[in-house]
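S.K.: next one to model:
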Amino acid sequence: MAVKKLCESYSKSFRGEVQRWGCMKQTGVSLRYMMEFGSRPTEKNLLISAQFLHKELPIRIARRAIELESLPYGLSEKPAVLEVRDWYLDSFRDLRSFPEIKDKNDELEFTQMIKMIKVRHNNVVPTMALGVQQLKKGMNPKIVYEDLDEIHQFLDRFYMSRIGIRMLIGQHVELHNPNPAPDCVGYIHTKMSPVEVARSASEDARSICLREYGSAPDISMYGDPNFTFPYVPTHLHLMVFELVKNSLRAVQERYMDSDKVAPHVRIVVADGIEDVTIKVSDEGGGIRRSGLPKIFTYLYSTAKNPLDEQSDLGSAGGLTMAGYGYGLPISRLYARYFGGDLQIISMEGYGTDAYLHLSRLGDSQEPLP
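M.R.: Got it, this is the predicted structure:
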């Protein structure tokens, strides 16, 4: 099946509409706003939320669809990228053909539709990764991957936008949950314990290490488990899982054939006035200084290429990220989405420290690409 360019396979009026919506201004929201607004999921509030999404989502989706059309190095022509573009166009069409939302029934119907859109986009990350791999296979190996700056910047914008779209849809859908977990407002846990989330994420990472290597270094946690602040636990879990998994792998591979006991991976949770910072430290030998710029690029990974093994990344939100080289750059986007950041500091020959900063004020607006 040949996938045609946008101009061939979609009507002129539809193309014009995508362009028109892609030029409109996006509206960002803050974690605090989502929390305060969602803490009273009355019929009226759900209606306001649906009306906001009915206008906001097509703008964000149109922008990405337009960008997917004009990527450098022929990336737009790759079959996997065309598939992603079609998901975005289908979702845009679904949203635009949905009539004005006037009452509770409209709102419930709209909620079902955006739920379907979220499912349709479940595999965007592995499919885009496949497109980039398809590009890489056909490229001159002399090209330095960091030089493909345009592609990195596009993917940063694209994935950041995706985090925002999924957060907005997920938050709205979750507000309909008749039995929300205590202290939860949609996806946001108003009293999240970073120590507890970090513990659970590091146990998950450790069990994957055990499965792959037959053994795993121990993990030591430092921090007050009773300290809480409002955040999205699934985001934090994903980031800590990624950092701990990288540390465990580095230590495991360094000490695998040694008779020395592998040193612990240490996790420290510190509670500051502006930030909650989580440090993950290992003695896995560190990263060469020349390799450090590469760790946040999308075309680099030290693990084997997962395209050689069919792995399903759609299931648990992408818990088997090794090999795509996507874990760190995407974790950094999750941190930045709510005003935080991720820094990696390494001592070659010794180990690596990752600092995950989470903004505890919850006031920063979404960074809208």
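
S.K.: so which elements touch the helix or strand residue 64 falls within?
M.R.: Using DSSP states H and E, the element containing residue 64 is helix 43-69. Under the contact criterion of 3 or more CB pairs under 8 Å, 6 or more residues apart in numbering; DSSP states H and E, helix 43-69 touches helix 12-22, helix 31-38, helix 79-96, helix 104-120, helix 149-174. In this view, the C-beta of every residue, glycine as well, is placed from N, C-alpha and C.

S.K.: how about a cut-off of 6 Å?
M.R.: On a contact count with 3 or more CB pairs under 6 Å, 6 or more residues apart in numbering; DSSP states H and E, helix 43-69 meets helix 12-22, helix 79-96, helix 104-120, helix 149-174.

S.K.: just the mean pLDDT for it, thanks.
M.R.: In this model, helix 43-69 has a mean pLDDT of 94.

S.K.: can you redo the helices and strands packed on helix 43-69 as a markdown table with mean neighbour count, mean pLDDT and distance to residue 253?
M.R.: Below are the helices and strands packed on helix 43-69 laid out as a markdown table (neighbours: other CB atoms under 10 Å; pLDDT from 0 to 100; distance: least, CB to CB, whole Å):
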| stretch | mean neighbour count | mean pLDDT | distance to residue 253 |
| --- | --- | --- | --- |
| helix 12-22 | 14 | 92 | 45 |
| helix 79-96 | 20 | 95 | 30 |
| helix 104-120 | 16 | 96 | 37 |
| helix 149-174 | 19 | 92 | 27 |
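
S.K.: and of those helices, who's closest to residue 195?
M.R.: Proximity to residue 195 (CB to CB) singles out helix 149-174 among the helices and strands packed on helix 43-69, at 23.5 Å.

S.K.: confirm residue 41 sits in a strand?
M.R.: No: under DSSP: H, G, I helix; E, B strand; the rest coil, residue 41 sits outside any strand and is assigned coil.

S.K.: got the contact list for residue 213?
M.R.: Listed by CB atoms under 6 Å, 6 or more residues apart in numbering, the contact set of residue 213 reads residue 252.

S.K.: picking that back up, what residues sit buried inside the helix holding residue 64?
M.R.: Using 16 or more other CB atoms under 10 Å as the test for burial, helix 43-69 gives 46-47, 49-54, 56-69.

S.K.: likewise for stretch 197-206?
M.R.: By neighbour count on 16+ other CB under 10 Å, the buried set for stretch 197-206 is 197, 198, 199, 201, 202, 204, 205, 206.

S.K.: also stretch 27-38?
M.R.: By 16+ other CB under 10 Å, the buried positions in stretch 27-38 come out as 29, 30, 31, 34, 35, 37, 38.

S.K.: hmm, residue 185 and the fifth one touching each other?
M.R.: Yes: under the criterion of CB atoms under 6 Å, residue 35 lies in contact with residue 185, with a separation of 5.2 Å.

S.K.: who's in contact with stretch 160-178?
M.R.: With contact meaning CB under 6 Å, 6+ apart, stretch 160-178 is reached by 34, 38, 41, 49, 53, 60, 64, 111, 114-115, 118, 186-187, 333, 337, 366, 369.

S.K.: also stretch 345-358?
M.R.: For stretch 345-358, contacts defined as CB under 6 Å, 6+ apart pick out 239, 243, 275-284, 286-288, 340-344.

S.K.: which SS class is the most far-flung residue of the chain relative to its centre?
M.R.: Most distant from the centre of the chain: residue 259, at 38.4 Å, with distances by CA atoms, centre = their mean. Look at residue 259: counting by three-state DSSP, its state is coil.

S.K.: so how far is residue 218 from it?
M.R.: Distance of residue 259 to residue 218, given as CB to CB, to the nearest Å: 17 Å.

S.K.: same thing with residue 82?
M.R.: In terms of CB to CB, residue 82 sits 46 Å off from residue 218.

S.K.: now the helices: where do they sit in the stretch 201-350 of the chain?
M.R.: Secondary structure of the stretch 201-350 of the chain (DSSP state H, counting those that start in this stretch): helices at 233-255, 327-337.

S.K.: closest one to residue 16 among those helices?
M.R.: With respect to residue 16, and counting by CB to CB, the nearest of these is helix 327-337 at 31.3 Å.

S.K.: who does the closest one touch, helix- and strand-wise?
M.R.: If you count contacts as 3+ CB pairs under 6 Å, 6+ apart, helix 327-337 packs onto helix 149-174, helix 233-255, strand 341-347.

S.K.: need the ones you listed in a markdown table (columns: distance to residue 100).
M.R.: Below are these laid out as a markdown table (distance: least, CB to CB, whole Å):
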| stretch | distance to residue 100 |
| --- | --- |
| helix 149-174 | 17 |
| helix 233-255 | 32 |
| strand 341-347 | 40 |
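
S.K.: from the buried residues of stretch 27-38, which is closest to residue 359?
M.R.: residue 31 (8.2 Å).

S.K.: three-state assignment of the closest residue to that closest one other than its chain neighbours?
M.R.: Distance criterion CB to CB, 6 or more residues apart in numbering; nearest residue to residue 31, sequence neighbours excluded, is residue 362 at 3.9 Å. Classification of residue 362 by three-state DSSP places it in coil.
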